[in-house]
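**Student:** what would the 3D arrangement of this be:
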Amino acid sequence: MKSQRVIYSLLVAAGLLAAVVGGLCLKYSPAGVMMSAVLAYDAIYVKLFENTPEEDAAYTARAVSEKDLSLCRKVSARYVRAEFPRQTCYREVVRAVSDPAICRDAEIMEYVGEDLCYALLAAFTGDRTLCERDFEDNAGFRDNCYYDMALARNEPAFCRKVSEPHQREYCLEQCAAIKKYEEKRVSGQLPVLPD
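**Tutor:** Okay, the predicted model is just below:
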């Protein structure tokens with residue numbers, strides 16, 4: 001595996017050099033050449049120092065099945081393809097453990113945040129007391145927590161607990177849309193999408 005990464009990095013480096021030389025020969029703008037170099041460097045970095053998406057998925061699945069936060073440390077710790085795989089791993093373990101005590105773990109506080117951890121658990125378990133916690137640094141926490149819980153459980157009653165009027169109305173609209181979709185799905189009235 002390591003030899004494959006070394007070979008790949010040499011090929012990408014040769015491609016990068018060819019792109020830079022080609023760009024200079026064709027009189028591309030210096031900014032364009034620099035941008036292609038940065039993109040190539042990022043591709044090399046990801047291939048050499050980060051897991052593949054399959055490896056990240058395997059570590060996450062194992063962490064969830066074993067309910068072991070320490071396995072999330074093996075998951076990629078940077079944005080890859082607009083995702084942050086390590087944060088996703090921690091969120092999934094929080095759902096699997098379903099115990100509010102996990103929200104005070106240092107790793108959870110670093111990668112998920114204590115307030116978001118409680119919101120995830122509230123949405124997953126339906127325990128509204130988790131949304132009623134006081135967080136001085138996040139005034140909108142309670143509204144967001146109730147909003148997330150209402151959508152995750154499709155219970156408009158939680159929308160009514162949202163204090164901000166626009167968010168409350170949007171929450172009720174989203175719950176109604178989810179209910180309408182579910183009714184159509186159960187009755188078989190959803191349109192069939194072409195292949």
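**Student:** tell me what the helix or strand containing residue 65 is packed against?
**Tutor:** The secondary structure element spanning residue 65 is helix 53-66 (assigned by DSSP states H and E). Packed against helix 53-66 by the contact rule (3 or more CB pairs under 8 Å, 6 or more residues apart in numbering; DSSP states H and E) you find helix 85-97. C-betas here are computed from N, CA, C, even on glycine.
**Student:** can you point out the buried residues in the helix it packs on?
**Tutor:** Of the residues in helix 85-97, those buried under the neighbour-count criterion (16 or more other CB atoms under 10 Å) are 85, 86, 87, 88, 89, 90, 91, 92, 93, 94, 96, 97.
**Student:** tell me the angle the helix holding residue 65 makes with helix 85-97.
**Tutor:** Angle of helix 53-66 versus helix 85-97, following axes from the mean of the first three to the mean of the last three CA atoms, to 10 degrees, is 20 degrees.
**Student:** let me see the mean pLDDT of helix 53-66.
**Tutor:** With pLDDT averaged residue by residue, helix 53-66 scores 89.
**Student:** just give the closest residue to residue 133, not the sequence neighbours.
**Tutor:** Across the structure, with CB to CB, 6 or more residues apart in numbering as the measure, the residue nearest residue 133 apart from its sequence neighbours is residue 118 (5.9 Å).
**Student:** helix/strand/coil for residue 76?
**Tutor:** Residue 76 carries the three-state label coil when classified by DSSP: H, G, I helix; E, B strand; the rest coil.
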